[in-house]
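> one predicted model, sequence on top.
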Amino acid sequence: MSVRVRIAPSPTGSLHVGNVRAGLFNWLFARHHGGTFILRVDDTDTERSEERYLTEILDGFRWLGLDWDEGVGVGGPHGTYRQSDRFGRYAEVTAGFLAGGHAYRCFCTPEDLDERRSLAQKEGRPPGYDGRCASIPATEAEARAATERFSVRLRFPRHGATEFTDLIRGEMRFDDVTQDDFVILRSSGVPTYHLASAVDDVDYGITHVARGEDLLSSTPKHIAIARAMGAEPAVYAHMPLLFGPDGRKLSKRQGDTSLQYFREEGFLPEAMFNFMCLLGWSPGGDREVFTADEAVELFDLVDVSKNPAVFDLKKLEWLNGEYIRRLEADDFAGRVLPLLGEVTPTQEKAFRELAPLVQERTKRLGEAADQVRFLLLADGDLDYDEASWEKQMTKEFSRPAVEGALAVLGGVEDWSTGSIEAALRAWMEAEGLSPRN
RNA sequence: GGCCCCGUCGUCCAGGGGUCCAGGACGCCGGCCUUUCAAGCCGGUAACGCGGGUUCGAAUCCCGUCGGGGCUACCA
């Protein structure tokens, strides 16, 4: 059986590095096994989903080099691959469950539920749904459905326990008494994540579900849904979560966790790819720097670590520096150039000459751009804005220093990397300056 | 609280009964190189959470404990 895996982002925000890592591992797994990588959009939350986020997410995956064989943007045999287009399908499955006794209507109101839940907790009983509506006769439930609001709950099958083998964590066992009859269709008619996700996985023929460990304890729910559909559940693999530097779950509020941020800062996709691989996986031995092809060849989900990984920016910067230094000079200059904004041909020429000096000592393209930005001022015909110039430059250099440097550069006849460096050095020595000033 | 997952240097990863007084990488510290910085090179710092087992022998297996994390919604 051919491997079919998927990544299913929700377009409710920027592409988070946690999702990137999940996508990366699924992609590696698919490519390693010659399988199919699918990109589906989990946008059942129509309120918070936005097209611009979806665009950013797709763009982010492409930037990293993760291409998908089926899904949004590329099509495939399963429609649009957007859950928002499949509400009819989820309703159909729900109806089937209702008819087959796999699910039942629940007329409890959210307020009732809250009340009973807190009472149960106070009395030390499990806080899950108490099954109150489970025994309402089907005919009665149907009649009430005409006038009352209701949600639909899965009748969680009681066989003792749900057991499965997690590719990363091994044998898993969840006792039935810890499970409850969870909601699959809200009273609004919108399916819950559990339903939509599990149904799609079955419909799309997903063979392996590799996702974050935060979903590990929801797995019995997904298995129950697949079985109620008469399908064989996928093989699951729960990847360790990513933590922030403070040792806590990496969250958007910690600031710079969107892939977009790293792109803008000038991290190379190759470096990002390599670095993300190292978060929870290793090609074995002491290898740390490798290409995507090498990773594809060596990767397998069973080798993924069980421990959560802290996203170490320092190491990413080091790795990025490694990749930057390996770039051809022209390639490097070409990647920094766009970050400088509008440049005249003269400025571009100047920049290309200066670029090798910066390339060997920079960790991020953005940093490189900042270091040479003063070049834009050296061109006489550039009409620059005094105020923004101040703001920009005084962060890095003192004003006299910059003016002095410009004067020196203006006097350079032979506009080449070597003579630029020589001129600047001579000037600094004469002025008794260190580069820090 | 209940259920579940995880515990090797500060961080990422290797090692899965002897070859480990634990290896690589980032970071940090020091040195060399260099007119400065960076890069490069050399060296140093630093870990098997704890307690019991099992075994001739445990970082590796078992139990407990402690610690961290996740889930516990008509969020995903």
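Arrived safely, thanks for sending.
> so what's the residue count around A:Gly96?
A:Gly96 is flanked by 14 other residues according to other Cβ atoms under 10 Å. To be clear about C-beta, it is placed using only N, CA and C from the backbone, and glycine gets the same treatment.
> that one belongs to a helix?
Yes: applying DSSP: H, G, I helix; E, B strand; the rest coil, one finds A:Gly96 inside a helix.
> look up phi and psi at A:Arg263.
phi -60, psi -50 (degrees, to the nearest 10).
> is it true that it touches A:Trp63?
Yes: if you go by Cβ atoms under 8 Å, A:Arg263 and A:Trp63 touch, sitting 6.4 Å apart.
> state the distance from A:Trp27 to A:Asp203.
21 Å (Cβ to Cβ, to the nearest Å).
> list the beta-bridge partners for A:Ile38.
A:Arg6, A:Glu70 (DSSP bridges).
> please enumerate the helices of the stretch 301-437 of chain A.
A:313-326, A:329-336, A:345-359, A:365-372, A:375-378, A:386-393, A:399-410, A:417-431 (DSSP state H, counting those that start in this stretch).
> those helices: lowest mean pLDDT?
Mean pLDDT across the helices of the stretch 301-437 of chain A is lowest at helix A:386-393; the value there is a mean of 39.
> quick revisit: more neighbours, A:Trp27 and A:Asp203?
Using other Cβ under 10 Å as the criterion, A:Trp27 and A:Asp203 rank with A:Trp27 on top: 25 against 15.
> tell me which element that one falls in.
Using DSSP states H and E, A:Trp27 maps to helix A:17-32.
> so what's the residue in the stretch 201-350 of chain A that RNA strand B sits nearest to up against?
Nearest residue of the stretch 201-350 of chain A to RNA strand B: A:Ser282, at 2.8 Å (Cβ to the nearest atom of the strand). Residues counted as contacts of A:Ser282 (Cβ atoms under 8 Å, 6 or more residues apart in numbering) are A:Glu288, A:Asp303, A:Ser305.
> list only buried entries from those.
For the contacts of A:Ser282, a neighbour count by 16 or more other Cβ atoms under 10 Å gives an empty buried set.
> restrict those to those near RNA strand B?
Contacts with RNA strand B within the contacts of A:Ser282, as defined by Cβ under 7 Å from any atom of the strand: A:Glu288, A:Asp303, A:Ser305.
> the first one and A:Leu279, how far apart?
Summarising the geometry, the distance separating A:Glu288 from A:Leu279, computed by Cβ to Cβ, is 12 Å.
> which SS state does the residue of the stretch 201-350 of chain A closest to RNA strand B fall under?
coil.
> model confidence for it, exactly?
Predicted confidence (pLDDT) for A:Ser282: 94.
> buried set for stretch A:361-372?
Buried residues in stretch A:361-372 (16+ other Cβ under 10 Å): A:Thr362, A:Lys363, A:Arg364, A:Leu365, A:Gly366, A:Glu367, A:Ala368, A:Ala369, A:Asp370, A:Gln371, A:Val372.
> what does it contact?
A:264-268, A:317-318, A:320-321, A:324, A:332, A:335-336, A:339-340, A:351, A:354-355, A:358-359, A:396.
> again with stretch A:318-328
In contact with stretch A:318-328 (Cβ under 8 Å, 6+ apart) are residues A:266-268, A:270-272, A:274-275, A:289, A:332, A:335, A:359-360, A:362-365, A:368.
> repeat for stretch A:256-268
Contacts for stretch A:256-268 (Cβ under 8 Å, 6+ apart): A:13-18, A:20, A:56, A:60, A:63-64, A:244, A:250-252, A:255, A:272, A:311, A:316, A:320, A:323-324, A:327, A:335-336, A:339, A:364-369.
> buried residues, it. List them.
A:Thr257, A:Ser258, A:Leu259, A:Gln260, A:Phe262, A:Arg263, A:Glu265, A:Gly266, A:Phe267, A:Leu268.
> narrow the residues you listed to those in strands?
Here DSSP state E is the test, and those give no hits in strands at all.
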